[in-house]
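Visitor: I'd like to go over a predicted model; first the sequence, then the structure.
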Amino acid sequence: MEEIFIAIMERIAGMMPELSCIDEDYGQLEAGAEEDQYPVTFPCVLIGNTESDWNDLGYGVQKSESLITIRLAVDCYDDTHYTSGTYQKAKERLLKAKELYRILQGFQCSEEASPLVRVKNRDYSMPGNIKVYETVYSFTLHDESAMQEGAARFILP
């Protein structure tokens with residue numbers, strides 16, 4: 001899974017240089033402003049919450065049906081109600097979420113993985129004027145890391 005995480009991180013970094021932080025999601029947003037917590041800067045993308053169902057193919061080879069969650073978090077300090085004159089800021093946030101989707105949809109993270117396919121998305125607000133755009137992608141992964149010695153000749157592609 002580490003190659004999936006790194007590939008996604010590098011793709012986002014290369015195509016969305018305006019992001020201030022791209023990181024593994026370990027609960028930074030939910031932790032708030034705790035003193036021992038590394039501060040999150042915005043806009044940021046957090047990658048994590050991977051979930052896999054594995055099927056054994058034999059001889060130590062497995063294939064997964066996996067999900068990975070990508071969260072774009074943006075601070076919302078602009079007044080965006082219609083008469084404010086700055087309501088376009090809401091549109092900018094939505095366009096940034098759409099751009100992130102376009103960057104990842106169909107992206108193949110490694111030769112052992114199928115392309116990412118969006119299966120679910122949602123947005124929600126958090127305390128501190130934070131808006132989160134969350135997208136879940138599915139992919140399959142072929143894992144031969146525990147393959148038994150000499151078994152390669154018996155495994156069909």
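Guide: Nice, I can see it. What you see is a predicted model, and the numbers here were worked out from it, not measured in a lab.
Visitor: Name the residues of the lowest-mean-pLDDT helix or strand in the chain that are buried.
Guide: Lowest on mean pLDDT, DSSP states H and E among the helices and strands of the chain sits helix 28-31, with a mean of 85. Buried residues in helix 28-31, counting neighbours by 16 or more other Cβ atoms under 10 Å, are found at 28-29. All C-beta atoms are positioned from the backbone trio N, CA, C, and that covers glycine.
Visitor: and if you look at stretch 60-70?
Guide: So stretch 60-70, judged by 16+ other Cβ under 10 Å, has buried residues 61-64, 66-70.
Visitor: okay if I get those as a markdown table plus secondary structure, pLDDT and distance to P43?
Guide: Compiled in a markdown table, the buried residues of stretch 60-70 are given as follows (DSSP: H, G, I helix; E, B strand; the rest coil; pLDDT from 0 to 100; distance: Cβ to Cβ, whole Å):
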| residue | secondary structure | pLDDT | distance to P43 |
| --- | --- | --- | --- |
| V61 | strand | 93 | 40 |
| Q62 | strand | 95 | 36 |
| K63 | strand | 97 | 35 |
| S64 | strand | 97 | 30 |
| S66 | strand | 98 | 26 |
| L67 | strand | 98 | 23 |
| I68 | strand | 98 | 19 |
| T69 | strand | 98 | 17 |
| I70 | strand | 98 | 13 |
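Visitor: what mean pLDDT does the helix or strand hosting A90 have?
Guide: Using DSSP states H and E, A90 sits within helix 88-104. For helix 88-104, the mean per-residue pLDDT is 93.
Visitor: tell me what it is packed against?
Guide: The helices and strands touching helix 88-104, judged by 3 or more Cβ pairs under 8 Å, 6 or more residues apart in numbering; DSSP states H and E, are helix 2-15, strand 61-75, strand 117-126, strand 130-143.
Visitor: That helix to helix 2-15, inter-axis angle?
Guide: 130 degrees (axes from the mean of the first three to the mean of the last three Cα atoms, to 10 degrees).
Visitor: Using CSV, write out every CA atom in helix 88-104.
Guide: In CSV, the C-alpha atoms belonging to helix 88-104 read as follows (Å, rounded to 0.1, in the frame of the first residue of the first chain):
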residue,chain,number,x,y,z
GLN,A,88,-17.4,33.4,-5.9
LYS,A,89,-15.1,32.0,-3.1
ALA,A,90,-17.6,29.2,-2.7
LYS,A,91,-17.4,28.4,-6.4
GLU,A,92,-13.5,28.5,-6.2
ARG,A,93,-13.6,25.8,-3.4
LEU,A,94,-15.9,23.6,-5.5
LEU,A,95,-13.7,24.0,-8.5
LYS,A,96,-10.7,23.0,-6.5
ALA,A,97,-12.5,19.8,-5.3
LYS,A,98,-13.4,19.0,-8.9
GLU,A,99,-9.8,19.5,-10.0
LEU,A,100,-8.6,17.1,-7.4
TYR,A,101,-11.2,14.5,-8.6
ARG,A,102,-10.0,15.0,-12.3
ILE,A,103,-6.4,14.5,-11.2
LEU,A,104,-7.1,11.2,-9.5
